[in-house]
Every structure is written in C-alpha cells, then in structure tokens.
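> need the 3D shape of this:
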Amino acid sequence: MSIQMKTKPLLPDELIINKIILLRNQKVLVDRDLAELYNVDTRTLNQAVKRNLKRFPEDFMFQMTKEEFGIWKSQIVISNNDKMGLRRPPYVFTEQGVAMLSSVLNSDRAILVNIQIIRIFTRMRTLLESHKEILRKLEFLEKKDIEQEDKILLIFEYLKQLEQAKQEETQLRERKRIGFKP
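Below you'll find the predicted structure:
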C-alpha cells in the first residue's frame, strides 16, 4: 500500500474559499457548509461533534450569537427550504476544529476534504503574511515619501522667499529717484 503525498482535490478550491467567513477575527466554516462539503447532513455532522465535545474547545468550534446569526443570514441568500433548518444559530469551526473533524467523521471523503481545507487555510495564512510584508514596505515608502514631501515643501518655501527678495530688489532699482538730477 503506497502513501500518496498529495491527493487530488475532490472539490474546486474556490468552492471552499467562498465558504470561509471571517467571524470574531477568525476564519471559520459554518456547520452546514462543512456538511455540504463532506456530503453529509448538518444534523449528522453536529451529532458526531456533540458525541465528541471534549475534542472541540471554544477555539476549535463555537456557536454564532443571535446578532452574528442575523448578520450572517442577511448576507447570504436563503431559500424558503433552507430557512427551515435555520431555527437557531449554527456552529462554526476554526482551522483547528476542521482538522479535529477528520477524527470524528470517519469517511474517506471527510478525510480528503479536510486535507484540502487545511491546505487552503495554510495558503491563505501564507498569502496574508506576504501581504503584511508588502503593506509594511508600502508604509515605509509612504513614510519616506512624507519626509521627501516635507523637504520639497521647504525647498519651495525657500524659492518663494528668494523670488520675493528678487522682486523687492527689482522694485528698489526701478523706483523713482529723488534728489539732484544732472
């Protein structure tokens, strides 16, 4: 039996990425979206989690508050059929919670989808780190630009003073002379 180092993704990455939401400053996946990805009922996924609650501390999984639930519901398009299953706020899973789900849901599909989700989270984190570096460099350039701008403004001020001094000198030379004229 050979071990595959990289498995072929079951689902398009975009499908998973579009289901990741930002909640309480964390990237999370909603239980119903995970159930859809794993090809199981949301009820089945939540029952498996409830049987293994010790594996899911609050930094792995938490339930949306009513306010978060209301905002989330208003941001997604829900048909009347979908509303029937949304009587209470759903559970959401962080990256660690998704990783723990692979030990709870014991199907080949769940394992493969979990591997894909973890890889996407890792890529997103790497992208974010590179973006932070780019933002840091832009901030440095902006700071440098502000310093340059201050120096340029100072140069213009000196040029204005020089121009004013030249105008005063020209006016002094061109003024009507008083006194003895030969």
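> which strands or helices does the longest helix seen in the chain pack on?
Longest helix of the chain, by residue count under DSSP state H: helix 108-174. Helices and strands touching helix 108-174, by 3 or more C-beta pairs under 8 Å, 6 or more residues apart in numbering; DSSP states H and E, are helix 13-17, strand 20-23, strand 26-30, helix 31-38, helix 95-104. Quick note: C-beta positions are derived from backbone N, CA and C, even for glycine.
> between the last one and helix 108-174, how many degrees?
Between helix 95-104 and helix 108-174, the angle comes out at 170 degrees (axes from the mean of the first three to the mean of the last three C-alpha atoms, to 10 degrees).
> export helix 95-104 to CSV, keeping only CA atoms.
C-alpha atoms of helix 95-104 as CSV (Å, rounded to 0.1, in the frame of the first residue of the first chain):
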residue,chain,number,x,y,z
GLU,A,95,-9.0,25.7,11.2
GLN,A,96,-8.2,23.5,14.2
GLY,A,97,-11.8,22.5,14.5
VAL,A,98,-11.9,21.4,10.9
ALA,A,99,-8.7,19.4,11.5
MET,A,100,-10.4,17.7,14.5
LEU,A,101,-13.4,16.9,12.4
SER,A,102,-11.4,14.4,10.4
SER,A,103,-11.0,12.3,13.6
VAL,A,104,-14.7,12.5,14.3
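> next helix or strand past the worst-scoring helix or strand of the chain on mean pLDDT?
In the chain, no helix or strand scores lower on mean pLDDT, DSSP states H and E than helix 80-83, which sits at a mean of 49. Note on helix 80-83: by DSSP states H and E, the next helix or strand toward the C-terminus is strand 91-93.
> that next one pairs with which strands, and in what direction?
Counting by DSSP bridges, the strands paired with strand 91-93 are strand 26-30 (antiparallel), strand 61-63 (antiparallel).
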